[in-house]
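>>> What follows is a protein structure lacking sequence information:
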């Protein structure tokens, strides 16, 4: 639960990473306290939304839209972004997560590392990540399985740009595991 306790510093790291155009790799870029101090929220406000709409192209090449609501349909998939699985022959190409909150904020940045930014609107999601069970898959002739990353793990929660979402997913609970 460390991210929930340090919500604002981690959020500022996420926003600064996007303002600095650093590629998203799943880990937030750590910034200095001074850089975080130069990033301010306009009127000290973050706005929460109930719904996120994302567009995608269906398999028959039609334009479709997914509707995300943290209360009803919150599970999503995004592309795999890490290089730490070089020992695997073919890394699994997707990450999965659940949207806990949909937000936007207007930010100002006055620092030496970037040009001055005034009233830049930034959309972001607060997410809980799923971890993949490595025992499932094509080779083991079992369905792929995922479950929440333990809450005390530093990578259990994070922030995500809504543009990173590929598609909504539907999960089928596996009640036999009693978790």
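Everything's here; your move. Computed from a prediction, not measured in an experiment: that's the story for all the values here.
>>> The residue nearest to residue 77 when sequence neighbours are not counted pairs with what?
The shortest distance from residue 77 to any non-neighbouring residue, by CB to CB, 6 or more residues apart in numbering, is to residue 94 (4.7 Å). Just so you know, the C-beta spots here come from the backbone N, C-alpha and C atoms, and that holds for glycine as well. When bridges are called by DSSP bridges, residue 94 pairs up with residue 79.
>>> longest helix anywhere in this structure?
Ranked by number of residues, the top helix in the chain under DSSP state H is helix 7-19.
>>> tell me which residues in that helix are buried?
Residues 10, 11, 12, 13, 14, 15, 16, 17, 18, 19 are the ones in helix 7-19 that count as buried (16 or more other CB atoms under 10 Å).
>>> Show me the residue at the heart of this structure, geometrically.
residue 160 (3.0 Å; CA atoms, centre = their mean).
>>> and it, what does it touch?
Shown in contact with residue 160 (CB atoms under 8 Å, 6 or more residues apart in numbering): 24, 78, 97, 124, 125, 127.
>>> now residue 121
Counting by CB under 8 Å, 6+ apart, residue 121 has contacts 104, 105, 106.
>>> For stretch 32-49, what is the distance to the chain centroid?
Put simply, stretch 32-49 sits 19 Å off its chain's centre (CA atoms, centre = their mean, to the nearest Å).
>>> pLDDT of it, averaged?
For stretch 32-49, mean pLDDT rounds to 92.
>>> Equivalent analysis for stretch 7-21, please.
Stretch 7-21 shows a mean pLDDT of 89.
>>> most surrounded residue in the contacts of residue 121?
In terms of neighbours by other CB atoms under 10 Å, these top out with residue 105 at 19 neighbours.
>>> That one pairs with what?
residue 122.
>>> and the helix or strand hosting residue 54, which residues are buried?
Taking DSSP states H and E as the definition, one finds residue 54 inside strand 52-57. Residues of strand 52-57 classed as buried under the neighbour-count rule (16+ other CB under 10 Å) are 52, 54.
>>> quick one on the thing from earlier: could you say what helices and strands the longest helix of the chain packs with?
Helices and strands touching helix 7-19, by 3 or more CB pairs under 8 Å, 6 or more residues apart in numbering; DSSP states H and E, are helix 33-38, strand 39-41, strand 94-109, strand 117-133, strand 157-160.
>>> count of residues packed around the closest residue to residue 11 other than its chain neighbours?
Of all residues not flanking residue 11 in the chain, residue 159 sits nearest, at 6.1 Å (CB to CB, 6+ apart). Neighbour count of residue 159, defined by other CB under 10 Å: 22.
>>> ok, now which ones touch residue 159?
Applying CB under 8 Å, 6+ apart to residue 159 gives the contacts 10, 11, 14, 28, 124, 125, 126, 127.
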